[in-house]
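> Sharing a model that was predicted from the sequence below.
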Amino acid sequence: MDNLCVLIMAAGKGTRMKSATPKVLQPILDRPIIDYVISSVLKAGTAPQNIGVLVGSGGELVEAHISQKFPEVNILWQREQLGTGHAVKSARQWWGRYKSMLVLNGDVPLLLPESISELASSCEEYDCTVITFLADYHNEYGRIIRRPDSVSIVEYKDATAEQRKIHEVNAGCYAFRVKSLDAVIGLITNNNVQHEYYLPDALKIMNEHGMNTGAFPLPEEEMQGVNNQAELAKVTGVMRERIILHWMSEGVRIVDPANTYISADAKLARDVVIMPNVQIWGNSTIGEGCYIGSGSILTNATLGRNVQVIAYAVIENSELKDNSKAGPFCYIRDGSCLEENAFAGKFVELKKSHIGERSKVPHLSYMGDAELGHDVNIGAGSITCNYDGQHKHQTHIGSNCFIGSNTMFVAPVEVEDGSATAAGSVITFRVPEDSLGVGRARQKNISGWSSRHHKPKSERE
Ligand code: UD1
Ligand code: CA
């Protein structure tokens with residue numbers, strides 16, 4: 001017999017969200033609610049194959065997400081959503097072979113791994129243990145009824161006015177001895193205001209059968225659920241702050257913690273400095289000593305050490321190696337790379353482009369599908385014409401090249417090592433090594449033109 005499994009309930013409609021997206025796929029920062037719950041369970045030491053997620057309403061979407069992100073986690077279907085008791089019962093086949101089971105509401109994303117471990121250890125003492133919290137505002141959580149040697153739960157909608165005054169409420173996280181749960185799960189009825197099968201009724205039935213029930217409280221902040229948009233925003237705020245505090249404790253300097261967003265998946269090293277209004281999403285990694293200027297948005301960005309991101313840079317799925325520099329006002333995307341000491345400056349866009357060591361693209365440039373060697377200087381306003389309307393083409397610029405301002409590279413095209421282009425050139429074919437590519441009309445001056453055609457306003461009749 002296997003020891004412990006964790007069943008996450010995520011089949012409910014989430015009606016109160018008033019959204020087409022299933023509740024557990026609603027985002028907290030940049031990840032769906034369910035990811036946080038699964039991550040906490042994994043961090044508590046549960047192997048993914050011992051985790052089951054119950055899906056139902058919008059289940060195809062939830063299943064598609066989980067099988068992509070957590071392929072080893074089991075998907076269990078609750079075809080009809082008749083309540084949490086029915087949900088657990090419908091997965092009986094799966095959990096029947098375990099000794100103990102934790103059942104978690106899929107909408108408690110702030111639940112910590114330590115708390116999951118604590119809940120798991122309660123199985124030694126009780127047939128069922130439930131996590132509670134003290135809610136100090138009006139809410140519709142199930143009320144905890146404590147008696148000297150037992151605990152039971154009455155749903156808010158079924159509670160008397162007196163019971164509704166109870167502050168200790170059900171967080172929707174339970175530990176069960178499987179044998180005991182198996183004995184009572186079939187006895188839950190839907191004889192209540194909502195005509196649902198309530199999992200919390202299992203405690204009452206266990207008590208009637210002489211089994212042991214217990215409860216322990218955790219902080220409200222950790223246990224609050226997500227049932228509507230207001231709660232989603234509140235939980236997002238707590239999660240955001242939790243992540244910020246974590247990175248500050250690891251030596252990251254966050255100048256304005258209230259206006260900084262960092263994904264739970266991002267990794268930051270010590271002595272990183274983050275200026276106000278920065279967002280760091282996805283699997284971004286920021287190396288030691290990096291500076292991230294105001295208004296910058298990094299998504300799946302990999303930064304080496306001492307990278308300087310000057311204000312208002314947008315960096316997506318790209319790498320900036322040690323001592324490179326970007327911004328202000330640049331867009332670096334789609335697998336681009338700044339090698340060590342390279343620079344992409346003001347109003348510069350890089351798409352699928354590789355900028356070699358110490359190479360510079362300082363001003364007003366678009367480098368798309370371009371490969372630059374080391375020690376290249378790209379003059380202001382130069383761009384790659386990489387798209388012919390149907391296909392994208394490559395531009396190769398060798399090492400030690402000096403590109404004159406406003407050069408157009410009509411790709412596919414190559415400039416070999418040590419060459420230059422004249423300012424304003426349209427480069428349409430290869431510039432060989434150690435050469436100057438000139439591709440522009442010659443200037444001629446027409447004398448007297450101005451006085452004939454371009455008289456100042458004051459001299460016109
Ligand atoms: C539930 C508890 C309540 C507790 C609260 C804590 C019940 C009857 N009540 O209420 O005591 O205070 O959680 O947040 O359990 N779900 C299914 N299948 C279903 C119904 C629900 O999988 O048929 C899932 C939902 O997706 C959700 C979880 O179970 O993740 C809880 O359902 P929800 O409707 O949010 O229950 P509450 O009314 O909040
Ligand atoms: Ca809920």
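Cool, the structure landed. Numbering: from 1, shown residues only. Ligands and ions are numbered 1, 2, ... in the order given.
> going forward, measure contacts between C-alpha atoms and count neighbours the same way
OK.
> In the stretch 201-350 of the chain, which residue sits nearest ligand 1?
residue 225 (4.9 Å; Cα to the nearest ligand atom).
> So the closest residue to that residue other than its chain neighbours, which state does it fall into?
Distances taken as Cα to Cα, 6 or more residues apart in numbering put residue 108 closest to residue 225, at 4.8 Å, once the chain neighbours are dropped. For residue 108, the assignment made with DSSP: H, G, I helix; E, B strand; the rest coil gives coil.
> can you check residue 197 too?
Once three-state DSSP is applied, residue 197 turns out coil.
> Tally up the residues packed near it, please.
Around residue 197 there are 24 other residues, counting by other Cα atoms under 10 Å.
> before we move on, what about residue 101?
When neighbours are counted by other Cα under 10 Å, residue 101 comes out with 24.
> list the contacts for it?
4, 5, 6, 7, 95, 120, 175, 176, 177, 178 (Cα atoms under 8 Å, 6 or more residues apart in numbering).
> Can you show me the helices along the stretch 1-150 of the chain?
With DSSP state H, counting those that start in this stretch as the definition, the stretch 1-150 of the chain shows helices at residue ranges 33-43, 59-69, 84-90, 92-95, 113-121.
> So what's the gap between the second one and the chain middle?
What that stands for is helix 59-69. 16 Å (Cα atoms, centre = their mean, to the nearest Å).
> what's around residue 441, how many residues?
Neighbours of residue 441 (other Cα under 10 Å): 9.
> picking that back up, who wins for proximity to ligand 1 among the helices of the stretch 1-150 of the chain?
helix 84-90 (4.4 Å).
> TSV for the helices of the stretch 1-150 of the chain, including mean pLDDT?
Below are those laid out as TSV (pLDDT from 0 to 100):
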stretch	mean pLDDT
helix 33-43	98
helix 59-69	97
helix 84-90	98
helix 92-95	98
helix 113-121	97
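> I'd like the ones you listed written out as TSV, with mean neighbour count and distance to residue 278 added.
Shown next, in TSV, are those (neighbours: other Cα atoms under 10 Å; distance: least, Cα to Cα, whole Å):
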stretch	mean neighbour count	distance to residue 278
helix 33-43	21	22
helix 59-69	16	26
helix 84-90	22	40
helix 92-95	16	44
helix 113-121	18	28
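> any chance of those in a markdown table, plus distance to residue 232?
Formatted as a markdown table, the helices of the stretch 1-150 of the chain follow (distance: least, Cα to Cα, whole Å):
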| stretch | distance to residue 232 |
| --- | --- |
| helix 33-43 | 9 |
| helix 59-69 | 18 |
| helix 84-90 | 21 |
| helix 92-95 | 30 |
| helix 113-121 | 21 |
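> how about TSV for those, with distance to ligand 1 added?
Shown next, in TSV, are the helices of the stretch 1-150 of the chain (distance: least, Cα to the nearest ligand atom, whole Å):
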stretch	distance to ligand 1
helix 33-43	9
helix 59-69	10
helix 84-90	4
helix 92-95	14
helix 113-121	16
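> rewinding a little: can you pull the contacts of the residue nearest to residue 225?
Contacts of residue 108 by Cα under 8 Å, 6+ apart are 33, 37, 222, 223, 224, 225, 226.
> For it, give me phi and psi.
phi -120, psi 70 (degrees, to the nearest 10).
> Do you know the pLDDT at it?
For residue 108, the pLDDT comes out at 95.
> rewinding a little: ok, and the most crowded of the contacts of residue 101?
Counting by other Cα under 10 Å, top hit in those: residue 175 with 31 neighbours.
> With residue 420 as the reference, measure out to residue 396.
13 Å (Cα to Cα, to the nearest Å).
> now residue 254
43 Å.
> So between those two, which is more surrounded?
residue 420 (25 against 21).
> what's the more buried one in contact with, if anything?
By Cα under 8 Å, 6+ apart, the contact set of residue 420 is 401, 402, 403, 404, 434, 435, 436, 437.
> How many residues are close by the residue nearest to the fourth one when sequence neighbours are not counted?
Take residue 404 and drop its neighbours on the chain: the residue closest to it by Cα to Cα, 6+ apart is residue 423, 4.0 Å away. Using other Cα under 10 Å, residue 423 has 20 other residues around it.
> Could you pull up the residues touching residue 423?
For residue 423, the contacting residues are 379, 403, 404, 405, 406, 407, 438, by Cα under 8 Å, 6+ apart.
> Make sure I have this right: it is in a helix.
No. Assignment of residue 423 by three-state DSSP gives coil, placing it outside any helix.
> for ligand 1, what are the nearby residues on this structure?
9-12, 54, 81-84, 87, 105-107, 141-142, 155, 169-172, 198-200, 225 (Cα under 6 Å from any ligand atom).
> Strands of the stretch 101-250 of the chain, residue ranges please.
All strands of the stretch 101-250 of the chain, identified by DSSP state E, counting those that start in this stretch, fall at 128-134, 143-147, 150-154, 168-177, 213-217.
> With mean pLDDT as extra columns, can I get those in JSON lines?
Listed next are the strands of the stretch 101-250 of the chain as JSON lines, based on pLDDT from 0 to 100:
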{"stretch": "strand 128-134", "mean pLDDT": "98"}
{"stretch": "strand 143-147", "mean pLDDT": "98"}
{"stretch": "strand 150-154", "mean pLDDT": "98"}
{"stretch": "strand 168-177", "mean pLDDT": "98"}
{"stretch": "strand 213-217", "mean pLDDT": "97"}
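> Tell me which of these sits nearest to residue 76.
Nearest to residue 76, of all the strands of the stretch 101-250 of the chain, is strand 168-177, at 18.2 Å by Cα to Cα.
> residues in contact with the closest one?
Strand 168-177 has contacts (Cα under 8 Å, 6+ apart) with 99-105, 119-120, 122-123, 126-135, 141-144, 153, 223-225.
> repeat that for 6 Å
Residues from elsewhere that reach strand 168-177 (Cα atoms under 6 Å, 6 or more residues apart in numbering): 100-105, 127-134, 141-144, 223.
> now do stretch 315-324
298-307, 331-343.
> Now list the buried members of those residues.
298-307, 331-343 (16 or more other Cα atoms under 10 Å).
> show me what contacts residue 374?
356, 357, 358, 359, 399.
> Same list, the residues you listed, but as a markdown table with neighbour count please.
Converted to a markdown table, the contacts of residue 374 look like this (neighbours: other Cα atoms under 10 Å):
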| residue | neighbour count |
| --- | --- |
| 356 | 23 |
| 357 | 21 |
| 358 | 19 |
| 359 | 27 |
| 399 | 21 |
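> ok, now how distant is the residue nearest to residue 404 from residue 397?
Distance from residue 423 to residue 397, by Cα to Cα: 16 Å.
> And residue 52, by the same measure?
53 Å.
> Neighbour count: these two, which is higher?
Neighbour count, other Cα under 10 Å: between residue 52 and residue 397, residue 397 has more, with 29 against 23.
> Turn the strands of the stretch 101-250 of the chain into TSV, columns for distance to residue 350.
Converted to TSV, the strands of the stretch 101-250 of the chain look like this (distance: least, Cα to Cα, whole Å):
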stretch	distance to residue 350
strand 128-134	51
strand 143-147	57
strand 150-154	58
strand 168-177	48
strand 213-217	52
